[in-house]
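Enquirer: Pasting a predicted model and its sequence here:
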Amino acid sequence: MYDAVGATFLAQDTKRIIFNLRSKNVSHSNTWSFWGGKLEKGETTIQALKREIKEEVGFLPEIIKIHPLDVFLSDDNHFMYHTFVIITPTEFKPKTNHESQGYRWVNINNYPNPLHRGAKRTLFNENNIKKLKLIVNSSN
């Protein structure tokens with residue numbers, strides 16, 4: 001089983017979320033995605049999420065709350081991806097690494113193109129749309 005985690009941040013003050021533009025050094029390059037990666041042996045999903053954020057964002061931004069958004073399980077049961085929305089007080093500027101060639105803060109439902117296929121599946125799922133709206137409304 002290959003377990004991975006990813007997240008977007010929701011800035012409490014602007015109600016915008018951030019995406020990562022994947023670099024040419026990684027799979028699905030030049031697509032907009034969540035921040036995250038693979039769990040290491042012995043890690044919980046939250047431990048992996050915080051480690052991956054530090055690696056990819058360059059630091060761990062202030063976290064007000066972490067909301068689970070989605071869990072994807074592949075048809076062959078060999079890949080599981082946990083998606084979270086992390087509430088942070090304000091927008092921040094990532095210090096991206098070799099896995100990223102940029103970032104963008106956007107309004108909900110005004111997502112950049114092209115979206116990574118996994119991000120697209122998550123963000124356009126009817127149940128996840130409802131969850132995301134609840135998360136945004138509860139972040140006041």
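Expert: Cool, the structure landed.

Enquirer: ok, the closest residue to Thr31 other than its chain neighbours - how many residues close by?
Expert: Counting by C-beta to C-beta, 6 or more residues apart in numbering, His116 is the residue found nearest to Thr31 once chain neighbours are left out, at 4.2 Å. Any C-beta I mention is one placed from the backbone N, CA and C, and that applies to glycine too. Residues lying near His116 (other C-beta atoms under 10 Å) number 22.

Enquirer: The one 4 residues further on now?
Expert: By other C-beta under 10 Å, 16 other residues sit near Lys120.

Enquirer: Tell me which helix or strand it sits in.
Expert: For Lys120, the host element (DSSP states H and E) is helix 117-123.

Enquirer: Report the buried residues of that helix.
Expert: 118-120, 122-123 (16 or more other C-beta atoms under 10 Å).

Enquirer: can you pull out the helices in this structure?
Expert: 45-57, 117-123, 126-138 (DSSP state H).

Enquirer: Can you say which of the ones you listed is nearest to Thr8?
Expert: helix 117-123 (8.3 Å; C-beta to C-beta).

Enquirer: Can you pull the phi/psi pair for the residue of the chain most remote from its centre?
Expert: Going by C-alpha atoms, centre = their mean, the residue of the chain most distant from its centre is Asp76, 23.3 Å out. Per-residue torsions, Asp76: phi -90, psi 0 (degrees, to the nearest 10).
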